[in-house]
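Engineer: Below: sequence and its predicted model.
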Amino acid sequence: MEKDPTFFVYILYSQIYDRYYIGQTQNLQSRFKRHENGYVKSTKRFRPWTLVHSEQLSSRAGAMKREREIKSWKSKIKIRELVDASR
């Protein structure tokens, strides 16, 4: 029997640029390495990144919905509150 798929919504933070990036993936470790190694066009110039928050979801649809929700906030303050609450 196959294991249920796991998906992640994650938030990266660039301290140098005071910038957040929100994304979703099935393999969090691999995706983070791609960001750090400059393989993701939208995050390449803001390196280095720190993984500051992640949420585990059971479906890609759920992860995409949560990613859109967080991105819709368009507020560093609200994103920072989420990050701080998860620590």
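Structural biologist: Cool, got the structure.
Engineer: contacts, neighbours, all on C-alpha from now
Structural biologist: OK.
Engineer: Tell me where the longest helix sits in the chain.
Structural biologist: Criterion DSSP state H: the longest helix present in the chain is helix 60-73.
Engineer: Show me which residues of that one are buried.
Structural biologist: Residues of helix 60-73 classed as buried: 60, 62-64, 66-67, 70 (neighbour count, 16 or more other CA atoms under 10 Å).
Engineer: can you check stretch 46-54 too?
Structural biologist: Using 16+ other CA under 10 Å as the test for burial, stretch 46-54 gives 46-49, 52-54.
Engineer: same question, stretch 36-49
Structural biologist: 36, 43, 46-49.
Engineer: same question, stretch 15-33
Structural biologist: Within stretch 15-33, the residues scored as buried using 16+ other CA under 10 Å are 20, 22-26, 28, 31-32.
Engineer: residues touching the residue nearest to the spatial centre of the chain, list them.
Structural biologist: Using CA atoms, centre = their mean, the residue of the chain that lies closest to the mean C-alpha position is Y10, 2.2 Å off. When contacts are counted by CA atoms under 8 Å, 6 or more residues apart in numbering, Y10 is found next to 22-24, 28, 51-55.
Engineer: if we go to 6 Å?
Structural biologist: 22-24, 53-54 (CA atoms under 6 Å, 6 or more residues apart in numbering).
Engineer: before we move on, back to that, got TSV for the buried residues of stretch 36-49, with pLDDT and distance to S14 too?
Structural biologist: Shown next, in TSV, are the buried residues of stretch 36-49 (pLDDT from 0 to 100; distance: CA to CA, whole Å):
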residue	pLDDT	distance to S14
E36	97	11
T43	97	9
F46	97	6
R47	97	6
P48	97	6
W49	98	5
